[in-house]
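J.: sequence and predicted structure are below.
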Amino acid sequence: MYRDLLKAAKSNHRLSMVVPQFRVLYLFEGKAVYFMKPLAEHHGVDLSAVVKPMSSDNNLLLCVLFAALPVASYLEMRRRGFNVSAVRYEDLVARPLDMCRVVLEFCHLPVSLAELAVKAFDVDSQANSRVAKSAIRHFKEPRLTLKTKRELNQILKKLGVPRVGESCIVEGTLTC
């Protein structure tokens, strides 16, 4: 499952406000990308071309990188011939019943389970935790400046994933 990279980045930023391990990374600002290299390698993504000090005026670069790595890894698996498919979070939220049916059918599971699966959308799975929607929704989102957008798009292009401002739909995405 993946989601629009900018939306995911803004969500990651809010999450960083309540998870100390993430906050420390963001406080390192531009130098934090150096810490991403092992994670990128774990995902099978070569970041040598993009591991450099970031000059961004906010934390969106690192947040987008966190969101982009799994997408880049997924696309790399497809390039290597693995028969994998993806689900886009925005599609699942917009049409939960239809998308649950598509996913269940793809997995060769009874489509009759779709209505039961949709009931899970009515519950905050993180309720009563420090990352609950109610705990993080009040944090201000970082601004997307033109400078940051240019830097983001340079990195995203090198990773082979959709750029900010483009439709964030990757090949092999299940749709209804």
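T.: Received it, and whenever you're ready, just let me know what you need.

J.: next one: the residue nearest to L97 when sequence neighbours are not counted from P162, what distance?
T.: Leaving out its chain neighbours, the residue that sits closest to L97 by C-beta to C-beta, 6 or more residues apart in numbering is V118, at 5.2 Å. Just so you know, the C-beta spots here come from the backbone N, C-alpha and C atoms, and that holds for glycine as well. Going from V118 to P162 by C-beta to C-beta, to the nearest Å gives 27 Å.

J.: between those two, which one's more packed in?
T.: Taking neighbours as other C-beta atoms under 10 Å, V118 and P162 compare with P162 leading, 21 against 16.

J.: confirm for me that that one is in contact with I169.
T.: Yes. The pair P162 / I169 is scored as a contact, 7.3 Å apart, by C-beta atoms under 8 Å.

J.: is the residue nearest the centre of the chain in a helix, a strand, or coil?
T.: In the chain, the centroid-proximal residue (C-alpha atoms, centre = their mean) is A67; its distance is 3.1 Å. Following DSSP: H, G, I helix; E, B strand; the rest coil, the label given to A67 is helix.

J.: what residue in this structure is the furthest from its centre?
T.: The C-alpha centroid of the chain is most remote from S112, which lies 29.2 Å away (C-alpha atoms, centre = their mean).
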